[in-house]
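Engineer: next input, structure requested:
(chains A and B)
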Protein chains: 2
Amino acid sequence: MDIEKANTEATGRMMEARPVVLGMGKALDVIPGMREDLLLHAGPPITWERASGPMRGAITGALIFEGHAKNEAQAQALVESGTVELDPCHHHQSVGPMAGIISPSMSVYILENKTHGNKSFSNLNEGYGKVLRYGAYSQDVLDRLRWMEDVMAPVLGEAIILSEGIDMRALLAESLHMGDEGHNRNKAGSVLFTTKLAPFIATAAPNSGVASEIIRTLGDNALSVLNPVMAACKAMVDAAHGIEGSTIVSVMARNGTDFGIRVSGLGDRWFTAPVDIPQGLYFPGFTAEDSSGDIGDSTITETAGIGGFAMASAPAIVKFVSGTPKDAINATLEMYEICYTEHLYFTMPPLDFRGTPTGIDIRKVVETGITPRVNTGIAHKDAGVGQVGAGLVRPPMEMFEHALLAFAEEYGY
Amino acid sequence: MDIEKANTEATGRMMEARPVVLGMGKALDVIPGMREDLLLHAGPPITWERASGPMRGAITGALIFEGHAKNEAQAQALVESGTVELDPCHHHQSVGPMAGIISPSMSVYILENKTHGNKSFSNLNEGYGKVLRYGAYSQDVLDRLRWMEDVMAPVLGEAIILSEGIDMRALLAESLHMGDEGHNRNKAGSVLFTTKLAPFIATAAPNSGVASEIIRTLGDNALSVLNPVMAACKAMVDAAHGIEGSTIVSVMARNGTDFGIRVSGLGDRWFTAPVDIPQGLYFPGFTAEDSSGDIGDSTITETAGIGGFAMASAPAIVKFVSGTPKDAINATLEMYEICYTEHLYFTMPPLDFRGTPTGIDIRKVVETGITPRVNTGIAHKDAGVGQVGAGLVRPPMEMFEHALLAFAEEYGY
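Structural biologist: The predicted model follows:
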């Protein structure tokens, strides 16, 4: 068996994937395997008992949103009794930032990889601060979700159809030339996404007031494109998954308690380890003491060759995640050491248009002792609070070591 | 007399100027000194006889647009007879890209410098290629101008009022962190401008179809913000003009035949010299043989500390104007040698958030032998053709030498 050939195929498929946002739909109607009694969440599998504060908060908020619970105790009872089940987004071609909760009646973006035909999904972005994905579920958080669901999603879905689809690989390539790295800095991508859809929102909305409000909501949120970006990355890595003999990482995800990875040549098995606490800059009034463990599916961006791996393209991000522009360049340079190839479409002007480091090779991670570099938001450790900062984190090395051992076992090295 | 003190005051005023787009109006109604029989143009004063091809083409197009002429011969007769007069935009607190023609019935952006109270003006941007400002005046060019004037301008003006104004210094500061340099690369600025105005265009437009068309026109044109950016720079340098004893350049502008500069401490006198031909990349089918001489008021961006001076912020621009990202860094570093200070608000992430080189000092230009670095579009040399490329150019040294001699004479050195 030829590992090089397998990895060339896996990373080739990852880069040639061309995910296009085609529309929106209710999770229950469009996500494979979604059920009325199911909540999807970020990261590898988790139980209520082991769930972090922000994960519990987001589950509670989603069950209130669905009309199944009134408070955290009721939510806990529903989950612990098995009346409501939990499943990773990744088991359903989906991804969600931070807690990553997708409930049956939430609207999701529908993407299709035009090269290989696989689909992917992600929910709507709520903006910054006190939001469900960071574990907040106060009445204003729920009211906002209700407006997004009832007013914004139908118009946005129609606008996407009228636009004939948004090519996310092209949008990301452009935004990497505009100071984004695609994970924590999505300012350019969000205004590009808004600008592309606004003409269609104007005609799809029931009246000009609603059109105006939706365009403003998308345009004022520098993370509005994060969820379709993550879904695009999910479609790319899914295209690279399941290649026999490949040592390329095809999923990295955290649920706030465990970090988990999957490897292209090792099927759907998760390799997990306890998460770290991110290091970074905190909002006024908060410190590292307040931080939850690392959480969210957004590490799918680094898995696909952007985010922390494309830091060199986004020197201005250091004002948000800490460090200097030189650190940003060095972060990208370091990632070349653990990646199999350089991206064909995602290039970085500050590195003379070199392609981003793409395709984390578990062999290289273990050999070099270098773990992937991840940019991330930081959630408060308690349910109900929200975001408290942003920073940097690394996945635990032991996952890569276990995966490499499993690879040796599986393939008889 | 203390030159240092004068230059500190001039550059301080330039940087503390905060120009805000407040609305739109017909040139005749809002530009000081505008008359029915007057056309404003880019650069220092010019006659029909000495005017370049693109300048003659744009004058012809504007006189057809105004209903005064049917062809170039009639336009020439009107101008040569003095029936229609020509005046630099700069004599009327205005600026225009390339030929820079502003005719009485054209709508212009109205800006006010909130710090010092002075106003400035610029026309609407028509997009790329075959457009009036590059000297084209075919029927489709005129139809587009008519649509912009009759449909787009009234809605845009109303949307700007509803937005309560667009702070251009803040927008530029943001776009310099998103890969723009503010002259030839205004991609981020244009989508930011579109995103800020789109919610108000949705409500200001007579119907959703018109709203959609205007938002698309602004959003698809990566130069839509160029004209308000230039007007903002004009308001900044006007605030720095007229400081007794200052050696800071307060205007650089070209009319396709002559380059002209003004100096803060030397009143409204122009120092001129013949323009050069820009060096750069040509559109398919065109070569340097087709190029007009350097043209346009857009060098107001470099005069205010952005454009070619902020190249380090815009490494991706080299795909458009030629060179490498390293050249872009070097261009900015070189400009520090001829500038008086570093900008307080315009910072560049790739240079560790250093302020852009600001305030060209004629003493330093002459001492170092380094002329300012300018990014520019390239017009075809003949009337009626349009844009053929983009590139780099330097103003002639002799203007700075003459200005320095005049300064010595004026102030008795």
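
Engineer: can I assume A:Gly359 sits in a strand?
Structural biologist: Yes - A:Gly359 sits within a strand when classified using DSSP: H, G, I helix; E, B strand; the rest coil.

Engineer: near chain B, which residues of chain A?
Structural biologist: A:177-179, A:187-188, A:191-192, A:194-196, A:198-203, A:205, A:208-209, A:211-213, A:215-216, A:219, A:315-316, A:318, A:324-326, A:349-353 (C-beta under 8 Å from any C-beta of the partner chain). In short, each C-beta sits where N, CA and C put it, glycine included.

Engineer: could you pull out the helices in the stretch 51-200 of chain A for me?
Structural biologist: Listed in chain order, the helices of the stretch 51-200 of chain A (DSSP state H, counting those that start in this stretch) span A:53-65, A:72-80, A:139-147, A:153-163, A:168-176, A:187-204.

Engineer: JSON lines for those helices, including distance to B:Ala75 and mean pLDDT?
Structural biologist: Listed next are the helices of the stretch 51-200 of chain A as JSON lines, based on distance: least, C-beta to C-beta, whole Å; pLDDT from 0 to 100:
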{"stretch": "helix A:53-65", "distance to B:Ala75": "66", "mean pLDDT": "97"}
{"stretch": "helix A:72-80", "distance to B:Ala75": "76", "mean pLDDT": "98"}
{"stretch": "helix A:139-147", "distance to B:Ala75": "56", "mean pLDDT": "96"}
{"stretch": "helix A:153-163", "distance to B:Ala75": "42", "mean pLDDT": "98"}
{"stretch": "helix A:168-176", "distance to B:Ala75": "41", "mean pLDDT": "98"}
{"stretch": "helix A:187-204", "distance to B:Ala75": "36", "mean pLDDT": "98"}
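
Engineer: might you list the low-confidence residue ranges for the stretch 1-150 of chain A?
Structural biologist: Low-confidence segments of the stretch 1-150 of chain A, defined by pLDDT under 70: A:1.

Engineer: which single residue of it ends up nearest chain B?
Structural biologist: Minimum separation of the stretch 1-150 of chain A from chain B (C-beta to the nearest C-beta) falls at A:Gly127, amounting to 14.8 Å.

Engineer: circling back: which of the residues of chain A next to chain B count as buried?
Structural biologist: Buried residues within the residues of chain A next to chain B, counting neighbours by 16 or more other C-beta atoms under 10 Å in any protein chain shown: A:177-179, A:187-188, A:191-192, A:194-196, A:198-203, A:205, A:208, A:211-213, A:215-216, A:219, A:315-316, A:318, A:325, A:349-351.

Engineer: follow-up on the earlier one: of the helices of the stretch 51-200 of chain A, which approaches A:Gly384 most closely?
Structural biologist: Nearest to A:Gly384, of all these, is helix A:53-65, at 5.0 Å by C-beta to C-beta.

Engineer: that closest one packs against which elements?
Structural biologist: Secondary-structure packing of helix A:53-65 (3 or more C-beta pairs under 8 Å, 6 or more residues apart in numbering or on different chains; DSSP states H and E): strand A:38-41, helix A:72-80, helix A:139-147.

Engineer: just want the angle from it to helix A:139-147.
Structural biologist: 60 degrees (axes from the mean of the first three to the mean of the last three C-alpha atoms, to 10 degrees).
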